[in-house]
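S.K.: coordinates only, no sequence provided:
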Ligand SMILES: Nc1ncnc2c1ncn2[C@@H]1O[C@H](COP(=O)(O)OP(=O)(O)OP(=O)(O)O)[C@@H](O)[C@H]1O
C-alpha cells in the first residue's frame, strides 16, 4: 500500500541495476585551513557494493555526510539520479534520507525507546498517516530481515553490540531505501559478528537490490564484500576498481596502503584456502 508523504523536491525513479545512481563531481571541501577534498570525482552504480578505503582523516565519513546533507561541500556537485543535491535546502534532504539511509558506527539507537519504537521512528517521520497495524507489521518484517524476529519490546540497553548494529540496520531500512551507507559497520566487533554483519550487507544487496557504500578500515571485509573499492588519498580518489584491480594496482598511494596491510589480507587468503 502507498502512503502519503511530505511533498518532495526530489524526483526519484528507481534506476536499473548498473546505471549511474550517484556522482560526486569536482567536489571540494575544507574545514578552515584543512583541505579534505580537492576536485574529487566518483560515480556509484545502482545495485553495487562500493567500499571506500583510505588512511585516517582522509575524508571517508565526510564523503558520506556530504551525500545526505549533514555536511555541505564548498564547491562541485553531487548528483543523485541526475539531480544536483548541492542546491537542496535542509528540509529537501529529509526526502533524500528516505532513499539514502545511513547506518551509523555506534548504531545510535534511542535508549529511552523500545527496539520496535526505534524502528518505527523513521516510518512515523516519513509516513505520518501510516496506520498502527501497518507500522507494526513493517517493524516485524524488518526485524525478521536482520534475523532478530520478535524483539520489539526489548530495550537497546539489553542488546549485545552485534544486536544493536542489526537493530540500527533494521531502522535504517525501515523506509525501504535504495542506498545504504555503512560507516565502519564492523569496527570493534569479534570475527563471528563481523561475518554476520557482512552477510547482512550482502543480503541487503541480494534480497532488496540495495546499493551499498561502505566505509571501512577492515581490509578483509572490503575485499570480500565489494564489487568495487575506491581509495581516498591526497584529497581525491586515488583509484577505483574491482578487488582484483586494486590488488594488482601500481598506483603508488594504493600500493603503499595495501602493502602496509599485507598481513591482514594474507591471513584472509589462508583462511579462504
Ligand atoms: N565537522 C567537522 N569540523 C571540522 N573538521 C572536520 C569535521 N568533520 C571532519 N573534519 C575533519 O575532516 C577530516 C576528514 O574526516 P573524516 O571523519 O571524514 O575522516 P575519515 O577518513 O572518516 O577518518 P577515520 O578513518 O579516522 O574515521 C579530518 O581531518 C577531520 O578532522
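M.R.: The structure has been received and is ready for your questions. Because the structure is predicted, anything quoted here is derived from the model rather than measured.

S.K.: rest of the way, CA atoms for contacts and neighbours
M.R.: Fine.

S.K.: okay, buried residues for stretch 146-160 please.
M.R.: 146, 148, 152, 155-156 (16 or more other CA atoms under 10 Å).

S.K.: correction: the previous question concerned stretch 30-40.
M.R.: The neighbour-count check on stretch 30-40 (16+ other CA under 10 Å) flags 36-38, 40 as buried.

S.K.: which two in those residues are spaced the farthest apart?
M.R.: 36 and 40 (9.6 Å; CA to CA).

S.K.: what do these two both touch?
M.R.: Taking CA atoms under 8 Å, 6 or more residues apart in numbering as the contact rule, residue 36 and residue 40 both touch 28, 235.

S.K.: counting neighbours, what do you get for the closest residue to residue 161 other than its chain neighbours?
M.R.: Leaving out its chain neighbours, the residue that sits closest to residue 161 by CA to CA, 6 or more residues apart in numbering is residue 189, at 7.6 Å. The local packing of residue 189 (other CA atoms under 10 Å) involves 14 other residues.

S.K.: quick check: phi and psi on residue 189?
M.R.: Residue 189 adopts backbone torsions of phi -100, psi 150, taken as degrees, to the nearest 10.

S.K.: that one against residue 160, yeah?
M.R.: No: using CA atoms under 8 Å, residue 189 is not in contact with residue 160, being 10.4 Å away.

S.K.: circling back: now, the buried residues of stretch 146-160 that are in helices?
M.R.: When these are checked against helices (DSSP state H), there are no matches.

S.K.: dump these into a markdown table; add pLDDT and distance to the ligand as well.
M.R.: Output for those, formatted as a markdown table (pLDDT from 0 to 100; distance: CA to the nearest ligand atom, whole Å):
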| residue | pLDDT | distance to the ligand |
| --- | --- | --- |
| 146 | 85 | 25 |
| 148 | 93 | 29 |
| 152 | 96 | 31 |
| 155 | 95 | 28 |
| 156 | 93 | 24 |
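
S.K.: need the max-distance pair from the residues you listed.
M.R.: 146 and 155 (16.6 Å).

S.K.: which residues sit against the helix or strand encompassing residue 61?
M.R.: If you go by DSSP states H and E, residue 61 is part of helix 60-67. Residues outside helix 60-67 that contact it (CA under 8 Å, 6+ apart): 52-54, 71-73, 78, 85, 181, 183, 215, 232.

S.K.: next SSE downstream of that helix?
M.R.: The element immediately downstream of helix 60-67 (helix or strand, assigned by DSSP H and E) is strand 75-80.

S.K.: would you list every one of the helices in the stretch 51-200 of the chain?
M.R.: 60-67, 90-99, 115-126, 132-145, 161-172, 191-208 (DSSP state H, counting those that start in this stretch).

S.K.: okay, now the sheet partners of whichever helix or strand comes after the last one, with direction.
M.R.: If you walk from helix 191-208 toward the C-terminus, the next helix or strand you reach (DSSP H and E) is strand 211-215. Within its sheet, and counting by DSSP bridges, strand 211-215 is paired with strand 49-54 (parallel), strand 179-183 (parallel).

S.K.: would you turn those strands into CSV with mean neighbour count and distance to the ligand?
M.R.: Converted to CSV, the strands paired with strand 211-215 look like this (neighbours: other CA atoms under 10 Å; distance: least, CA to the nearest ligand atom, whole Å):
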stretch, mean neighbour count, distance to the ligand
strand 49-54, 25, 6
strand 179-183, 24, 8
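
S.K.: of those, which is nearest residue 258?
M.R.: strand 49-54 (9.7 Å).

S.K.: which of the three states applies to residue 232?
M.R.: strand (DSSP: H, G, I helix; E, B strand; the rest coil).

S.K.: enumerate the beta-bridge partners assigned to it.
M.R.: Applying DSSP bridges, one finds that residue 232 bridges with residue 54, residue 237.

S.K.: quick one: contacts for it?
M.R.: Applying CA under 8 Å, 6+ apart, the residues near residue 232 are 52-55, 58-60, 238-239.
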